[in-house]
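Q: sequence and predicted structure are below.
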Protein chains: 2
Amino acid sequence: MGEGPTIGTIAERAGVSTASVSRVLNGLPTRPETVRKVLAAADELGYVPNSAARSLKSRRSHQVAFAMADIGNPVYLEMVREIQPVLKAAGYRLVLHSTGADVAEEIEVLRSLGGRYADGLILIPLRLTAELAAAISAARAPVVVIGSVPEEAGVDNVRTDSRLGVRLALDHLYALGRRRIAFVNGPLDTVPGAARAAAYRDALAALGLPYDEKLVEVGDFYRAEGAAAVRRLLAKGPDVDAIMCANDLIALGALDVLREAGLRVPEDVAVAGMDDTDLAAGAWPPITSVSLGSAERGRRAAELLLARLADDASAKAPRKVVSVRPELVIRASTKGGTR
Amino acid sequence: MGEGPTIGTIAERAGVSTASVSRVLNGLPTRPETVRKVLAAADELGYVPNSAARSLKSRRSHQVAFAMADIGNPVYLEMVREIQPVLKAAGYRLVLHSTGADVAEEIEVLRSLGGRYADGLILIPLRLTAELAAAISAARAPVVVIGSVPEEAGVDNVRTDSRLGVRLALDHLYALGRRRIAFVNGPLDTVPGAARAAAYRDALAALGLPYDEKLVEVGDFYRAEGAAAVRRLLAKGPDVDAIMCANDLIALGALDVLREAGLRVPEDVAVAGMDDTDLAAGAWPPITSVSLGSAERGRRAAELLLARLADDASAKAPRKVVSVRPELVIRASTKGGTR
């Protein structure tokens, strides 16, 4: 690339002072006319922006990326609200990717780390394919995974125990006298979908309740898809007195459909969700939900990443795994009258 | 920087094939052990990632940034849902910044464009200070502003007419027989807050209704802050039969507080919001809301930015301004019984 133009040569070409050139190149407030002149001169002279060169040299962008499935799901929002201040205090700006749970896009984000647009990545994948695991291993910057990731990937990991979470909710519904507890899940080829399906079976078995296919429906982790799944569930005509939903968006969809069907919540059908988002607390009736500690998972992930970024010694430390315990938050959708 | 190590020298140092090195450096699936060896060798030899060099040379990251105040507000989410596919079809990945409406952070994002982590930026500022306007002018990559921006900034601009929007809602409430129409606003030092305050006064005047300070309260554009403002409003003991809210989150807060106070919506107090987000449609009762065309504004902004990125000729074209017309979406929170 060789020696490029200097502030002096740009100033000369633009017919302005070197101070003005410096102000413009550093993005400081400058009269628009001056900005135009300086940028035109810099362009003509083929000036390479300082900050790009600097960032390449130091290999630091002072940005950290967080890649999640869907910024429309408040569970990720809660993580963002914890991650952002932790990073900011350490001098990092957060950039977000909403990948639509598309593995190909997650892999692209991981590869782009080689271009140093971010110094590190927090990734929360829904589907952990072999290709994705390999891309995680090969990432050119520190990665922290929220969710399950194989040990071989060699990256820091923050987990929760969604199986225990489902168990807590079913124990609660059982204690309230519910015996016909349906389960509306997201896709079974996702990590959380598969784990929650197994957890539902296990919890039924532990409670001595039979597994009944009429009580099980699979949709997707969104409100409209959840509502459609609950509609299919009710169309099967099961005798149902509770619906366990694999996340809060599905539970919101369940409330919509039960209201349409003229069924009272919780008198006729109790409803429970998972993730304990603001949507669960803000719904009417407020929704009992399993907290999977999203805020804490976000904070711990940010802390793990900062430790990797802090110095080269810690960058070579063995992988760390942090577990966050689920908790049941009881609201009126299962236990009427209280809030 | 000179000539760095090659794939051959890295392969030699790592004791693996050049094909393996190439796979690892391109982020293709590779055995973790091989990945570790190659990365260690590349590190020891001071290898500069290809993609960083490439990106610097071509000055393209194939990313576009969208900076908004708060990803927790679904109005931005709706924009993202339109912007992302438009960009993706053109080969750009979207990265998001949630700035908390912090002008300093918006300015930093604008300056970081010099480092080429993104090829362009869509910015939706709440407060347009002189410093921010200057940073927009000085940005080292194309910028499109959603909202008002002075002509001197010289950037493409997508606007709406929130004044007309407030007018539509007040006309509707008036037609329903409401005469004591309160207004709960966000901060007056924001562009939308100031515009909506003025619009409320104008609409009252046009309808021949008096301006009554007891009917006006200012909070912030969030649910909890909106609820607090409505609580303060009711504490003033005004005779109120409708509440116009400056966005949907405030309207949700209004529903919360009216329910607590034992007031029926819309029988006792009608409630209207602005932005026509999913939250308005999904609330109970569903909230009448002024659509400010967020989806269309997002799409148009993405299209304007792509035109700037497409070729150098269009990069020098004069600034374009696109206006999107507001529309009132009537739901049960003002007109009971319908949905």
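A: Great, that's in hand. Residues are numbered from 1 along each chain as shown, chains lettered A, B, ... in the order given.
Q: what stretches of the stretch 1-150 of chain A score poorly on pLDDT?
A: Counting by pLDDT under 70, the stretch 1-150 of chain A shows low-confidence ranges at A:1-5, A:24-30, A:32, A:43, A:46-59.
Q: kindly recompute the last result at 90.
A: For the stretch 1-150 of chain A, the stretches with pLDDT under 90 are A:1-61, A:72-74, A:101, A:114-116, A:128, A:148-150.
Q: do a quick rundown of the helices in it.
A: A:7-14, A:18-25, A:32-44, A:50-58, A:74-89, A:103-112, A:130-138 (DSSP state H, counting those that start in this stretch).
Q: of all the residues in the stretch 201-339 of chain A, which one is nearest chain B?
A: Proximity of the stretch 201-339 of chain A to chain B (CB to the nearest CB) peaks at residue A:284, 5.0 Å away. Just so you know, the C-beta spots here come from the backbone N, C-alpha and C atoms, and that holds for glycine as well.
Q: pretty sure that residue is touching residue B:284, no?
A: Yes. Checked against CB atoms under 8 Å, the pair residue A:284 and residue B:284 is within contact range at 5.0 Å.
Q: what sits against the residue of the stretch 201-339 of chain A closest to chain B?
A: Applying CB atoms under 8 Å, 6 or more residues apart in numbering or on different chains to residue A:284 gives the contacts A:255, B:259, B:284.
Q: could the residues you listed be laid out in TSV, adding pLDDT, distance to residue B:295 and secondary structure?
A: As requested, these are exported to TSV (pLDDT from 0 to 100; distance: CB to CB, whole Å; DSSP: H, G, I helix; E, B strand; the rest coil):
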residue	pLDDT	distance to residue B:295	secondary structure
A:255	97	25	helix
B:259	94	30	helix
B:284	87	24	coil
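Q: format those residues as JSON lines; extra columns: distance to residue A:277.
A: Formatted as JSON lines, the contacts of residue A:284 follow (distance: CB to CB, whole Å):
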{"residue": "A:255", "distance to residue A:277": "14"}
{"residue": "B:259", "distance to residue A:277": "20"}
{"residue": "B:284", "distance to residue A:277": "17"}
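Q: quick check: domain ranges of chain A?
A: What automatic domain parsing lists as the domains of chain A is A:7-48, A:60-160+A:294-325, A:162-291.
Q: tell me where the stretch 151-300 of chain A is predicted with low confidence.
A: A:151-154, A:162, A:191, A:237-238, A:278-279, A:282-284.
Q: can you map out the strands along it?
A: For the stretch 151-300 of chain A, applying DSSP state E, counting those that start in this stretch gives strands covering A:156-160, A:181-185, A:216-218, A:242-245, A:270-274, A:288-291.
Q: and the contacts of the fifth one?
A: Outside strand A:270-274, the residues that touch it by CB under 8 Å, 6+ apart are A:162, A:165-166, A:169, A:172-173, A:176, A:178, A:196, A:241-252, A:254-255, A:258, A:265, A:280, A:287-290, A:292, A:333-334.
Q: cool, and the second one?
A: Contacting residues not belonging to strand A:181-185 are listed as A:170, A:173-174, A:193, A:196-197, A:200, A:204, A:209, A:215-219, A:226, A:229-230, A:233, A:238, A:240-246, A:250, A:254 [CB under 8 Å, 6+ apart].
Q: do you know which of the domains of chain A lies nearest residue B:138?
A: With CB to CB as the criterion, residue B:138 lies closest to domain A:7-48 of the domains of chain A, at 4.8 Å.
Q: hey, what's residue A:324 bridged with?
A: Counting by DSSP bridges, residue A:324 is bridged to residue A:160.
Q: can you tell me how far it sits from residue A:161?
A: Counting by CB to CB, to the nearest Å, the gap from residue A:324 to residue A:161 is 8 Å.
Q: the more surrounded of the two?
A: residue A:324 (20 against 17; other CB atoms under 10 Å in any protein chain shown).
Q: quick one: contacts for that one?
A: By CB under 8 Å, 6+ apart, the neighbours of residue A:324 are A:158, A:159, A:160, A:292, A:293, A:296, A:297, A:300.
Q: what about 6 Å?
A: By CB atoms under 6 Å, 6 or more residues apart in numbering or on different chains, the residues touching residue A:324 are A:160, A:293, A:296, A:297.
Q: is stretch A:11-23 up against chain B anywhere?
A: No. On the criterion CB under 6 Å from any CB of the partner chain, stretch A:11-23 is out of touch with chain B, staying 8.4 Å away.
Q: give me the buried positions along that stretch.
A: Neighbour-count burial for stretch A:11-23, counted by 16 or more other CB atoms under 10 Å in any protein chain shown, picks out A:11, A:13, A:14, A:16, A:20, A:21, A:23.
Q: the fifth one contacts residue A:33, correct?
A: It refers to residue A:20. No. Assessed by CB atoms under 6 Å, residue A:20 is found out of contact with residue A:33, at 10.4 Å.
Q: OK, contacts around the residue lying closest to residue A:141 once chain neighbours are set aside?
A: In space, and not counting its chain neighbours, residue A:141 is closest to residue A:113: 4.2 Å by CB to CB, 6 or more residues apart in numbering or on different chains. Counting by CB under 6 Å, 6+ apart, residue A:113 makes contact with A:139, A:140, A:141.
Q: ok, the second one - how many residues close by?
A: For residue A:140, the tally of surrounding residues (other CB under 10 Å) stands at 21.
Q: and it, what are its phi and psi?
A: phi -90, psi 10 (degrees, to the nearest 10).
Q: against chain B, how distant is it?
A: Using CB to the nearest CB, to the nearest Å, residue A:140 is found at 6 Å from chain B.
Q: residues of the stretch 201-339 of chain A that sit close to chain B?
A: Residues of the stretch 201-339 of chain A that fall close to chain B, judged by CB under 6 Å from any CB: residue A:284.
Q: residue contacts, the residue nearest to residue A:79 when sequence neighbours are not counted?
A: Excluding its sequence neighbours, the residue lying closest to residue A:79 (CB to CB, 6+ apart) is residue A:298, at 3.2 Å. Contacts for residue A:298 were tallied using CB under 6 Å, 6+ apart; they are A:79, A:82, A:83.
Q: who wins on neighbours among these?
A: Neighbour counts for the contacts of residue A:298 (other CB under 10 Å) peak at residue A:83, which has 27 neighbours.
Q: now it: how far from residue A:304?
A: For residue A:83, the distance to residue A:304 equals 11 Å [CB to CB].
Q: separation between the closest residue to residue A:192 other than its chain neighbours and residue B:196?
A: Nearest residue to residue A:192, sequence neighbours excluded (CB to CB, 6+ apart): residue A:162, at 6.0 Å. The gap separating residue A:162 from residue B:196 is 43 Å, by CB to CB.
Q: what does residue A:182 give?
A: On the measure of CB to CB, residue A:182 and residue B:196 end up 45 Å apart.
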